[in-house]
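Trainee: mind looking at a prediction? Sequence and model below.
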Amino acid sequence: MALFSFKIMKLQFLGAAKQVTGSMYLLDLEDGYKILIDCGTDMERSIDFEVPYEPAPFFPFDPSLINLVVLTHAHIDHSGNIPMLYREGYEGQVLCTPPTAELAALLLMDSASLHLRKLRAAQGESRKKHKQMDRLLRRGDLYLQKDVEDSLSNFVTLQFNKKFVIKPGLELTFIPAGHLLGAAHLYFSITEGEEVKTLGFSGDIGRFDYPLHIDPFPMPACDYLVCESTYGNRVHEDKVEPIDALAKIIKETCIDKPGRLIIPAFSVGRTQAVLYTLNRLIEERGFPAIRVFTDSPMGKSSTRIYAKNLAYLNPEARAFQKEYDDLFDVENLIFLQTEKESRAIRNYHEPCIIISSSGMISGGRVEQHIADNISNSYATILLIGYAAEGTLGRQLMEGTDMIRVKDREYRVNAQIRKIDVFSGHADQKGLLKFVANQNPSKLKTVFLSHGEEESMLEFRAEIRRLGFSDVILPEKAETFTL
């Protein structure tokens with residue numbers, strides 16, 4: 001399938017169009033050079049299981065014709081299908097920052113392991129097994145460890161704020177975005193003939209004064225801006241510092257009464273922010289060292305990556321490390337590795353804190369911890385981030401009385417608390433600050449991505465109030481001439 005005709009620069013939105021996941025953009029230059037920005041897993045992709053299955057290409061383009069991939073950060077909804085590119089014929093490089101390469105390796109290997117387990121579980125001659133295999137084949141994204149290894153061998157790392165010449169007339173700069181260790185905004189300068197065009201891709205924009213992560217940097221003035229809009233229609237509610245918010249809930253749950261606190265948290269980024277904050281509570285405020293279980297093998301590995309990349313963390317975290325020697329070595333902390341160890345803590349009857357993935361309570365060991373504790377009035381479930389439609393996290397946020405976990409119904413007797421101080425995304429004010437750094441007389445178009453349509457519509461209205469007239473909400477696969 002041909003990608004585009006030559007002679008004109010075009011940008012196509014292949015993912016995260018009026019939805020939050022699956023970030024993927026195809027930039028086709030005037031000379032036919034093709035750059036894929038991000039290649040994320042679409043966690044909201046729907047499949048018609050009633051239509052007969054026919055093998056088909058996974059991507060809406062020929063990966064062998066792509067010249068370069070540039071990755072904003074390691075989260076799976078931005079990186080998750082990179083191994084599929086190589087499996088289907090891509091032979092080029094992936095450019096990213098050093099921490100992004102390390103975290104992406106961890107996350108992609110974990111995905112490959114999950115795919116292998118699903119394939120093994122679907123092997124067999126029963127009707128049920130055939131149905132499981134059919135669903136997996138229809139999804140298509142079934143890369144394994146060898147596919148990940150092939151992709152990782154082509155990762156090339158670049159430092160922040162250093163202009164990199166990809167080829168004559170094409171320059172790229174990674175700009176700190178906050179949000180996650182190594183996360184970047186992308187700034188392209190493209191010379192075509194006598195004209196220089198500049199493009200900015202926000203990636204995911206972090207928050208100011210977030211635990212561990214640096215503050216997001218502004219994007220240099222550009223002609224076209226692709227901006228995320230995850231929280232385009234909301235302002236973070238909690239005005240207190242993360243350490244104060246967490247201290248209050250721990251005191252109410254584990255100190256004033258002998259309860260247990262369950263914190264669903266993504267293994268990469270969120271878990272480290274919570275552990276660091278717990279460490280501060282003990283070291284700086286003299287909080288009692290309540291038993292903490294971190295139930296995520298990936299959480300332990302990603303914590304090591306954070307600990308070795310101190311130079312990419314904020315000044316406060318570096319100062320804490322210098323004074324107390326370790327950011328994450330919380331007193332009374334146990335990292336759980338096996339599922340047997342995970343199940344065993346249901347028999348631990350002292351006050352404790354359990355940090356487990358996934359953050360949306362959508363798969364992972366946290367589901368069992370929810371099942372074990374959701375009917376316990378002495379337990380508190382603390383939701384600390386975004387939860388997509390259809391997840392258990394979203395159901396709990398919306399105040400359901402009953403939930404279903406692994407085909408069993410449970411009554412919600414536990415306390416359900418929600419704080420947004422650990423959310424890794426900028427809210428509407430932060431997003432507007434990012435856009436407002438641009439000059440309305442220079443910026444030709446703002447494209448909104450990575451957000452639900454309702455969020456985008458409200459955010460667009462706010463952007464227009466700033467004087468930016470051309471604000472577009474692309475449809476999936478829609479192409480624009482730049």
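Mentor: Received, thanks.

Trainee: strands of the stretch 151-300 of the chain, start to end?
Mentor: Along the stretch 151-300 of the chain, counting by DSSP state E, counting those that start in this stretch, strands occupy 155-157, 164-167, 170-176, 184-192, 195-201, 224-228, 260-264, 291-295.

Trainee: and the stretch 301-450 of the chain, by the same measure?
Mentor: 333-336, 352-356, 379-383, 402-405, 408-411, 415-418, 445-449.

Trainee: any chance of the ones you listed in JSON lines with distance to T253 and mean neighbour count as columns?
Mentor: (C-beta placed from N, C-alpha, C; glycine too.) Rendered in JSON lines, the data for the strands of the stretch 301-450 of the chain read as follows (distance: least, Cβ to Cβ, whole Å; neighbours: other Cβ atoms under 10 Å):
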{"stretch": "strand 333-336", "distance to T253": "17", "mean neighbour count": "18"}
{"stretch": "strand 352-356", "distance to T253": "8", "mean neighbour count": "25"}
{"stretch": "strand 379-383", "distance to T253": "4", "mean neighbour count": "23"}
{"stretch": "strand 402-405", "distance to T253": "20", "mean neighbour count": "14"}
{"stretch": "strand 408-411", "distance to T253": "19", "mean neighbour count": "10"}
{"stretch": "strand 415-418", "distance to T253": "7", "mean neighbour count": "17"}
{"stretch": "strand 445-449", "distance to T253": "38", "mean neighbour count": "24"}
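
Trainee: how about JSON lines for those strands, with distance to K162 added?
Mentor: Compiled in JSON lines, the strands of the stretch 301-450 of the chain are given as follows (distance: least, Cβ to Cβ, whole Å):
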{"stretch": "strand 333-336", "distance to K162": "36"}
{"stretch": "strand 352-356", "distance to K162": "36"}
{"stretch": "strand 379-383", "distance to K162": "39"}
{"stretch": "strand 402-405", "distance to K162": "48"}
{"stretch": "strand 408-411", "distance to K162": "52"}
{"stretch": "strand 415-418", "distance to K162": "40"}
{"stretch": "strand 445-449", "distance to K162": "26"}
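
Trainee: per-residue pLDDT of the most centrally placed residue in the chain, please?
Mentor: Central residue of the chain (Cα atoms, centre = their mean): H75, 3.8 Å from the mean position. As predicted, H75 sits at a pLDDT of 95.

Trainee: can you give me the distance of the residue nearest to it when sequence neighbours are not counted to A112?
Mentor: Computed as Cβ to Cβ, 6 or more residues apart in numbering, the closest residue to H75 that is not its neighbour in sequence is L180, at 6.4 Å. Using Cβ to Cβ, to the nearest Å, L180 is found at 20 Å from A112.

Trainee: so which of those two has more stuff around it?
Mentor: Counted by other Cβ atoms under 10 Å, L180 and A112 do not tie: L180 has more neighbours, with 26 against 19.

Trainee: against T271, how distant is that one?
Mentor: From L180 to T271 the distance is 12 Å (Cβ to Cβ).

Trainee: and for E192?
Mentor: Distance from E192 to T271, by Cβ to Cβ: 44 Å.

Trainee: more neighbours: which of these two?
Mentor: Comparing E192 with T271 by other Cβ under 10 Å, the one with more neighbours is T271, at 27 against 16.

Trainee: looking at the protein, which helix or strand does the model trust least?
Mentor: When each helix and strand of the chain is scored by mean pLDDT, DSSP states H and E, helix 127-139 comes last, with a mean of 86.

Trainee: who touches that helix?
Mentor: 45, 47, 49, 53, 55, 118-119, 121-124, 142 (Cβ atoms under 8 Å, 6 or more residues apart in numbering).

Trainee: in ChimeraX, how would I select the buried members of the residues you listed?
Mentor: Selection of buried members from the contacts of helix 127-139 for ChimeraX, criterion 16 or more other Cβ atoms under 10 Å:
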select :122,142
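
Trainee: in the contacts of helix 127-139, which has the lowest confidence score?
Mentor: F49 (74).

Trainee: residue contacts, it?
Mentor: Contacts of F49 by Cβ under 8 Å, 6+ apart are 134-135, 138.

Trainee: out of the residues you listed, which comes closest to G451?
Mentor: Of all the contacts of F49, G451 sits closest to R138, with 27.1 Å by Cβ to Cβ.

Trainee: tell me how many other residues crowd the closest one.
Mentor: 15.

Trainee: distance of it relative to Y231?
Mentor: 32 Å.

Trainee: for F217, same thing?
Mentor: Taking Cβ to Cβ, one finds F217 at 19 Å from Y231.

Trainee: quick one, which of those two is more surrounded?
Mentor: Each of F217 and Y231 has its neighbours counted (other Cβ under 10 Å); Y231 has more, 23 against 17.

Trainee: ok, that one touching H425?
Mentor: Yes - Y231 lies in contact with H425 (Cβ atoms under 8 Å); the separation is 5.2 Å.

Trainee: okay, the contacts of F49 in JSON lines with distance to C352 next?
Mentor: Formatted as JSON lines, the contacts of F49 follow (distance: Cβ to Cβ, whole Å):
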{"residue": "D134", "distance to C352": "42"}
{"residue": "R135", "distance to C352": "37"}
{"residue": "R138", "distance to C352": "42"}
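
Trainee: ok, back up a step: need the strands of the stretch 301-450 of the chain in CSV with mean pLDDT and distance to N161, can you?
Mentor: Output for the strands of the stretch 301-450 of the chain, formatted as CSV (pLDDT from 0 to 100; distance: least, Cβ to Cβ, whole Å):
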stretch, mean pLDDT, distance to N161
strand 333-336, 94, 34
strand 352-356, 96, 33
strand 379-383, 96, 35
strand 402-405, 92, 46
strand 408-411, 94, 50
strand 415-418, 95, 36
strand 445-449, 98, 23
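
Trainee: returning to what we had before: how far does the least confident helix or strand of the chain sit from its chain's centre?
Mentor: 28 Å (Cα atoms, centre = their mean, to the nearest Å).

Trainee: helices or strands up against the top helix by length along the chain?
Mentor: Secondary structure of the chain per DSSP state H: the longest helix is helix 98-121. Packing partners of helix 98-121 (3 or more Cβ pairs under 8 Å, 6 or more residues apart in numbering; DSSP states H and E): helix 76-79, helix 82-87, helix 127-139, helix 145-152, strand 155-157, helix 297-308.

Trainee: I255: which of the ones you listed is closest?
Mentor: Counting by Cβ to Cβ, I255 lies closest to helix 297-308 out of the helices and strands packed on helix 98-121; the figure is 24.3 Å.

Trainee: list the helices and strands that closest one packs on?
Mentor: By 3+ Cβ pairs under 8 Å, 6+ apart, helix 297-308 packs against helix 98-121, helix 270-285.

Trainee: same list (those helices) but as CSV, adding distance to G22.
Mentor: Below are the helices and strands packed on helix 297-308 laid out as CSV (distance: least, Cβ to Cβ, whole Å):
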stretch, distance to G22
helix 98-121, 14
helix 270-285, 20
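
Trainee: most tightly packed of those helices?
Mentor: Of all these, helix 270-285 carries the top mean neighbour count, a mean of 21, counting by mean count of other Cβ atoms under 10 Å.

Trainee: other residues contacting it?
Mentor: Contacts of helix 270-285 (Cβ under 8 Å, 6+ apart): 181, 210-213, 242-243, 246-247, 250, 263, 265, 287-289, 292, 294, 296, 299, 302-303, 306, 317, 320, 324, 326-331, 333, 353, 355, 357, 359, 384-385, 422, 424.

Trainee: now, of those residues, which are buried?
Mentor: Using 16+ other Cβ under 10 Å, the buried ones in those are 181, 210-213, 242-243, 246-247, 250, 263, 265, 287, 292, 294, 296, 299, 302-303, 306, 317, 320, 327-328, 330, 333, 353, 355, 357, 359, 384-385, 422, 424.
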